[in-house]
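Trainee: Below are the sequence and a predicted model for it; my questions follow.
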Amino acid sequence: MRKIGLLVGIWALWTAACPQSVRFPLDYYSFAEIAQRMSVGDKRVECAPALKQRLALVHLRSREWQQVRELLESALEVRFRPLNEEQNRWVLEPDPEVARRNLRLREQFAQRVQKSQELENTFISSLLEAMKQGEAGVEQLISRWEIDEWVDSEALQQRREETRALLGLLRDAPIANAKRNWRRYFQLEADYQAFLDESTDAENAEANIQQFLKTHPLSRYGFSEQELQWVQQQVASGDRELWKKILQDSASGLDSAAATLLITLFLGRTARAQALEEIQNSLLKVFQAEVQPLNCILQGAVEREQVLTLPAEQLALLLSDWNRTYITQPDNELLKVRLGVMGEWSLTTFGYTYGVQVQIRSLAGKYRNDIPPVTLRFGIYNFFSDATPQLLKKVEPDWYNQFRAALQQHQQWLQSDIVQRPFRKELSLEPLIESVRVWAYEQNQEVIMEALEVFARQSFIADSLAKSWRRLSSPQLLEQRQGVWIVRHWAPFLARVRDYPLASLRRLCRSQQSYSDWRRFYQETSSTQIRQLLHDTNIIILGFTKESQVFEFSFNPAEIAGAWLITSVLEGLPENQRSRMLQAINRKDTVRMPVSSLPAQVQQRLRDTILLWRPVMSNSDFEKIRAQLYQADTFNSWIARWVFVMRDNQWSVSVLEPNGELSVEIWQFSYELDGYPEERDEP
């Protein structure tokens, strides 16, 4: 026994002294699995709860533990921290310094977005206010625009000159008269558009306008004498070069009939823009706390309802309802209106988008779902353009300089032979991580890439990894360290905000998708995480490799949400009732489960979940549901009339009508995801 103990001790000393190696075959790994692979010899690495749903694409050949640690810490912005050196216990956790940096960058970025939006939403009002103050007003206005740090001194001087000229042009413009006549200008635009639609020579703009004014003289529209005189003055003696820029060469000359119409339309649009700014900004003051960019970045979609009393004309102008399609009351009548305002932050193929919309949900005591929403704010922020990263140039110069250097190196890597090599066959793939996975497999390259923004919105064809970057709208840049390719996201302060259940989704995709698999998925995830899936993507394409197989799944988040929801309902049933229900499902019986028959706490959880998801239930899958979501007086009773039906392995939701019959299905989903495995050899 003493000899055995001595041998064990010698073996322990020898393994501790020997360099321990780690390898990662090409695969998607949860951070918990990364921790498990890093547990070699007598080392034991656990994964912090905050990282358990994160995922990374990793391919590393056998390397010493310390080298792998350094690579992972750098690429994934985490740290391996010793918990107990005697027992050789470690924890894989977020790097606190990185977390502090991301918090600071996110707040600074949101503030700059807010300021740029405020400038844009007060452009006309600021011009007219500066006009009253003369030269001092111009300089003050220009200083406000200097938030646009990407504007160089020459461009800023040009902007000064153009602003002075524009102010001179507007100084005598009858804006107040034009604001009162906003409906008349809409009528003029509508008549002109209808004329163009019927024209047989749409390319000849000059001739079309001349012909239009013969049959539609401006005098017939009821514009004031001041408006008509101002237009004629501009045609006769206006600044030709300035009007050429404003009209964008639409008119051949200021003495033409075309200029008369186009300058008239310009006056109407300018006056209407100022009136809209006043209305929109008054609404934004009411809702600003909820829909500011930082809240939208953190939550994806934020909504709030408010009952206000507004003049009918303001509502009509807000909706561009010049012909009284929606607002039929007299202009001076005060209307009680329930407004819903939603702010959103999302990633599209064009970049990150921030938008605020307002919608009338009830008017004069009547529920309305026929009135289209109105956009109050909208902006696109693409880090591959010059403008977006420069929002942080002054406030975060270190980040900006590092990003610019990384972008320059990235462009050089895209020209390298290995990155330019064509795929064996063209790929119709998005997100980028799928292209990186295929490239690493075919070229047998080592790679580390965190799975950020992995949800596809639009597929595109790429025949090489270099070309896969062409349509990328989020700043994921290529770099190399110790022979390993690293794809680093340079806006993690935006990309890591959402706690997507990536590890659980990957496990679900690789499973048999039995009820026990869905129950595990339900237990590992929250309704908030499912809400994020519903908001951030329409179609998810996840190619989760496993050993020699590539599992490619395409499924709709509405189906994931529905399957998660029915699992939450089943898990809330008493054990014997759930058991009977599952037995019937296994027998392929048709199962009906009225919500009204569920325990009270299950019904309440169902209502709470739908209310939580309501802001993001906007795609076509919920077209039959949306009409009822905002009817506050009937929402609870409507949910109580839901009936879950299971037939032929397909779940659906119908509504029990007063006559006792079920409505058409308003939601369909299944436990069976649409996917297939493809055999491949591991490199």
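Mentor: That came in fine, so what should we check first?
Trainee: all contacts plus neighbour counts: C-alpha atoms, from now on.
Mentor: Will do.
Trainee: Contacts only, for residue 365.
Mentor: Residue 365 makes contact with 336, 337, according to C-alpha atoms under 8 Å, 6 or more residues apart in numbering.
Trainee: Sorry, slip of the keys, the one I care about is residue 345.
Mentor: By C-alpha under 8 Å, 6+ apart, the contact set of residue 345 is 293, 296, 297, 300, 301, 352, 353, 354, 355.
Trainee: Just grab the bridge partners of it for me.
Mentor: residue 354 (DSSP bridges).
Trainee: please begin residue numbering at 337 from this point
Mentor: Done: numbering now begins at 337, and the last item shifts to residue 681.
Trainee: so how far is residue 717 from it?
Mentor: 10 Å (C-alpha to C-alpha, to the nearest Å).
Trainee: Tell me the residues that contact both of these two, please.
Mentor: Counting by C-alpha under 8 Å, 6+ apart, the residues touching both residue 681 and residue 717 are 688, 689.
Trainee: how about the contacts of residue 681, which pair is most distant?
Mentor: Farthest-apart pair in the contacts of residue 681 is 637 and 688; separation 13.3 Å (C-alpha to C-alpha).
Trainee: And these two? Which one has more around it.
Mentor: More neighbours surround residue 637 than the other of residue 637 and residue 688, with 25 against 19 (other C-alpha atoms under 10 Å).
Trainee: Touching, that one and residue 679? I think so.
Mentor: Yes. Residue 637 is within contact range of residue 679, at 5.7 Å (criterion: C-alpha atoms under 8 Å).
Trainee: Other residues contacting the helix or strand residue 643 falls within?
Mentor: Using DSSP states H and E, residue 643 falls within strand 637-647. If you take C-alpha under 8 Å, 6+ apart as the criterion, strand 637-647 is touched by 623, 626-627, 631-632, 667-681, 871, 951-952.
Trainee: So what are the sheet partners of it and their directions?
Mentor: Looking at strand 637-647 with DSSP bridges, its partner strands are strand 670-684 (antiparallel).
Trainee: Can you say which of the contacts of strand 637-647 are buried?
Mentor: Buried by 16 or more other C-alpha atoms under 10 Å: 623, 626-627, 631-632, 670-681, 871, 951-952, out of the contacts of strand 637-647.
Trainee: elements contacting the helix or strand in which residue 566 is found?
Mentor: Using DSSP H and E, residue 566 maps to helix 561-573. For helix 561-573, the packing partners by 3 or more C-alpha pairs under 8 Å, 6 or more residues apart in numbering; DSSP states H and E come out as helix 511-516, helix 593-627.
Trainee: Need the residue closest to the centroid of this protein.
Mentor: residue 682 (1.0 Å; C-alpha atoms, centre = their mean).
Trainee: In terms of pLDDT, where does that one sit?
Mentor: Looking at residue 682, its pLDDT reads 88.
Trainee: List the residues that contact it.
Mentor: Neighbouring residues of residue 682 by C-alpha under 8 Å, 6+ apart: 633, 636, 688, 689, 690, 871, 872.
Trainee: Can you give the contact residues for stretch 687-695?
Mentor: By C-alpha under 8 Å, 6+ apart, stretch 687-695 touches 627, 629, 632, 675-683, 707-719, 809-810.
Trainee: pLDDT weak spots in the stretch 437-586 of the chain?
Mentor: For the stretch 437-586 of the chain, the stretches with pLDDT under 70 are 467, 470-471, 473-474, 477-492, 495, 537-539, 574, 584-586.
Trainee: Helices along that one, start to end?
Mentor: 459-469, 471-481, 489-506, 511-516, 518-534, 541-551, 561-573, 576-583 (DSSP state H, counting those that start in this stretch).
Trainee: Any chance of CSV for those helices, columns mean neighbour count and distance to residue 993?
Mentor: Output for the helices of the stretch 437-586 of the chain, formatted as CSV (neighbours: other C-alpha atoms under 10 Å; distance: least, C-alpha to C-alpha, whole Å):
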stretch, mean neighbour count, distance to residue 993
helix 459-469, 17, 52
helix 471-481, 16, 58
helix 489-506, 15, 60
helix 511-516, 18, 49
helix 518-534, 16, 43
helix 541-551, 16, 54
helix 561-573, 16, 58
helix 576-583, 15, 57
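Trainee: how many neighbours does residue 872 have?
Mentor: Residue 872: 22 surrounding residues under other C-alpha under 10 Å.
Trainee: Likewise for residue 822?
Mentor: Other residues lying near residue 822 total 23 when counted by other C-alpha under 10 Å.
Trainee: cool, residue 625 as well?
Mentor: Residues contacting residue 625 under the criterion other C-alpha under 10 Å number 11.
Trainee: which ones are touching it?
Mentor: Per C-alpha under 8 Å, 6+ apart, neighbours of residue 625: none.
Trainee: Pull up the gap between it and residue 655, please.
Mentor: Residue 625 sits at a distance of 23 Å from residue 655 (criterion: C-alpha to C-alpha).
Trainee: So which of the contacts of residue 682 sits lowest on pLDDT?
Mentor: residue 872 (72).
Trainee: how close does the spatially closest residue to that residue that is not a sequence neighbour sit to residue 806?
Mentor: Once flanking residues are discounted, residue 872 sits nearest to residue 682: 6.3 Å by C-alpha to C-alpha, 6 or more residues apart in numbering. Distance, residue 682 to residue 806, using C-alpha to C-alpha: 20 Å.
Trainee: before we move on, what about residue 854?
Mentor: For residue 854, the distance to residue 806 - C-alpha to C-alpha - is 37 Å.
Trainee: the more surrounded of the two?
Mentor: When neighbours are counted by other C-alpha under 10 Å, residue 854 and residue 806 differ, and residue 854 comes out ahead with 22 against 9.
Trainee: How about the contacts made by the more buried one?
Mentor: When contacts are counted by C-alpha under 8 Å, 6+ apart, residue 854 touches 844, 899, 900, 903, 1007.
Trainee: Secondary structure element holding the second one?
Mentor: Yep, that's residue 899 we're talking about. In the assignment (DSSP H and E), residue 899 maps to helix 893-907.
Trainee: What is that helix packed up against?
Mentor: By 3+ C-alpha pairs under 8 Å, 6+ apart, helix 893-907 packs against helix 851-860, helix 863-872, helix 936-949, strand 1003-1006.
Trainee: Please identify the deepest-packed of those.
Mentor: Mean neighbour count (mean count of other C-alpha atoms under 10 Å) peaks for helix 863-872 among the helices and strands packed on helix 893-907, with a mean of 21.
Trainee: chain center to it, what's the gap?
Mentor: 12 Å (C-alpha atoms, centre = their mean, to the nearest Å).
Trainee: Return the distance of residue 603 relative to residue 506.
Mentor: Distance of residue 603 to residue 506, computed by C-alpha to C-alpha: 9 Å.
Trainee: brain fart, residue 850
Mentor: Where residue 506 is concerned, residue 850 sits at a distance of 69 Å (C-alpha to C-alpha).
Trainee: What is the burial count for residue 797?
Mentor: Counted with other C-alpha under 10 Å, residue 797 comes out at 12.
Trainee: In a strand, residue 788, correct?
Mentor: No. Using DSSP: H, G, I helix; E, B strand; the rest coil, the assignment for residue 788 is coil, not a strand.
Trainee: That one is in contact with residue 831, isn't it?
Mentor: Yes. Counting by C-alpha under 8 Å, residue 788 touches residue 831, with 6.2 Å between them.
Trainee: in what helix or strand does residue 396 lie?
Mentor: Under the criterion of DSSP H and E, residue 396 resides in strand 391-400.
Trainee: who touches stretch 415-423?
Mentor: 378, 379, 405, 409, 424, 425, 426, 427, 428, 429, 430, 431.
Trainee: Go through these and flag which are in strands.
Mentor: 425, 426, 427, 428, 429, 430 (DSSP state E).
Trainee: ok, now how distant is the residue nearest to the last one when sequence neighbours are not counted from residue 855?
Mentor: Of all residues not flanking residue 430 in the chain, residue 414 sits nearest, at 4.6 Å (C-alpha to C-alpha, 6+ apart). From residue 414 over to residue 855 the distance is 30 Å, taken as C-alpha to C-alpha.
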